[in-house]
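*Asks:* only geometry, no sequence info:
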Ligand code: NAD
Ligand code: DAU
């Protein structure tokens with residue numbers, strides 16, 4: 001099988017490429033990534049010389065390039081490429097629409113033209129909006145995205161649905177909850193708080209810190225996508241999550257405790273505009289129809305993740321580049 005994986009130098013995409021090359025040593029992976037601030041080839045060092053992995057630096061909005069790559073014989077496209085950070089989407093929505101909506105449509109056109117066997121859109125639970133204190137997102141929950149990021153992801157999802165309905169393109173959409181694990185860019189809650197705590201800097205907690213996220217170890221997300229590629233029913237959406245809901249304060253307390261740092265580092269700052277209160281995934285469909293089951297327990301997964309960031313300090317200090325610092329000053333300057 002030949003897979004075209006987009007965004008395979010980012011957090012989840014690189015974990016997925018490493019996972020698939022290990023699970024299916026005979027599969028060929030063409031990894032397409034434009035290497036934005038979030039793409040990092042260091043994540044793929046261990047497969048640099050693997051002849052079944054080819055890296056191509058390209059933008060998914062480049063229709064000519066995507067056409068050329070898909071024309072070379074691709075069975076499945078897995079689309080991870082996206083602008084993924086909610087706070088950035090509040091500052092600069094345009095690039096989110098360009099990559100997450102237009103980029104998806106460009107890929108769909110190439111997929112349709114060359115009649116690939118499946119298009120998997122890696123989406124997010126954020127397209128469903130926010131939950132109150134009870135209930136879970138199911139695949140039939142209406143789409144009510146609240147941020148420019150989530151609305152651009154919802155736009156991509158709707159195009160995927162439309163290409164299935166209108167052109168008969170075989171597709172699946174996965175909607176996963178918050179991932180954590182190795183190689184996550186240190187702008188996201190867990191790696192950001194680890195890096196700040198290690199530097200004894202204050203940890204910016206938005207609002208009252210009681211917003212709830214449903215955490216899943218990244219390898220469990222990869223195994224879900226693997227199953228969807230091989231067994232997903234045409235046109236179906238699959239929610240992915242492991243029922244690990246935690247408030248942001250609980251997450252930060254766990255990090256501080258494991259690093260032996262004081263709670264006084266927690267600093268409550270101005271809330272994120274449009275901040276979704278709670279996410280919670282009902283994964284019944286993927287579990288019962290495809291037999292998916294997460295392997296990682298949250299308590300051990302978070303400990304292993306913190307240990308990974310401690311052991312790989314060089315990885316995240318290197319990517320805290322000039323460009324990152326500039327964004328960071330813009331983003332947090334007004335909050336702290
Ligand atoms: P990430 O920001 O770490 O990685 C995104 C990758 O896409 C980067 O390597 C970047 O260089 C690449 N990219 C961005 N724009 C591109 C373009 N125009 N052309 C080609 N490549 C481009 O994101 P992530 O956290 O790994 O998320 C991957 C996907 O999974 C996204 O689609 C996201 O919406 C989805 N998702 C993420 C989570 C999460 O918790 N992180 C949860 C559910 C779904
Ligand atoms: O639910 C899936 C989504 O999870 C993905 O689709 C997104 O790509 C991914 O970025 C993530 O979105 P969140 O907004 O939930 O993740 P983030 O790490 O930015 O924030 C997690 C929570 O922590 C959220 O409630 C905001 C809060 N937060 C975040 C940061 C960066 C803080 O309190 N302080 C911070 O500095």
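*Replies:* Looks like it came in fine. Note that the structure is predicted; figures quoted are calculated from it, not measured. Ligands and ions are numbered 1, 2, ... in the order given.
*Asks:* residue 56 is in contact with residue 30, correct?
*Replies:* Yes: using C-beta atoms under 8 Å, residue 30 is in contact with residue 56, at 6.4 Å. All C-beta atoms are positioned from the backbone trio N, CA, C, and that covers glycine.
*Asks:* could you name every residue contacting both of those two?
*Replies:* Listed as contacting both residue 30 and residue 56 by C-beta atoms under 8 Å, 6 or more residues apart in numbering are residue 69.
*Asks:* neighbour-wise, which of the two wins?
*Replies:* residue 30 (21 against 15; other C-beta atoms under 10 Å).
*Asks:* give me the mean pLDDT for the helix or strand harbouring the more buried one.
*Replies:* In the assignment (DSSP states H and E), residue 30 maps to strand 28-33. For strand 28-33, mean pLDDT rounds to 98.
*Asks:* all strands for the stretch 201-336 of the chain, in order.
*Replies:* 203-206, 212-217, 237-240, 245-247, 266-269 (DSSP state E, counting those that start in this stretch).
*Asks:* wait, which of those strands is closest to residue 42?
*Replies:* Nearest to residue 42 among those is strand 212-217; the distance by C-beta to C-beta comes to 20.7 Å.
*Asks:* okay, now the sheet partners of the strand holding residue 30, with direction.
*Replies:* strand 2-6 (parallel), strand 53-57 (parallel) (DSSP bridges).
*Asks:* so which of those strands gets nearest ligand 1?
*Replies:* Among the strands paired with strand 28-33, the nearest to ligand 1 by C-beta to the nearest ligand atom is strand 2-6 (5.7 Å).
*Asks:* buried ones in the closest one, by neighbour count?
*Replies:* Residues of strand 2-6 classed as buried by neighbour count (16 or more other C-beta atoms under 10 Å): 3, 4, 5, 6.
*Asks:* okay, the first one: pLDDT?
*Replies:* Model confidence at residue 3, given as pLDDT, is 98.
*Asks:* how close does it get to residue 138?
*Replies:* 28 Å (C-beta to C-beta, to the nearest Å).
*Asks:* same thing with the second one?
*Replies:* Here residue 4 is placed at a distance of 30 Å from residue 138 (C-beta to C-beta).
*Asks:* that concludes my questions; thank you for your assistance.
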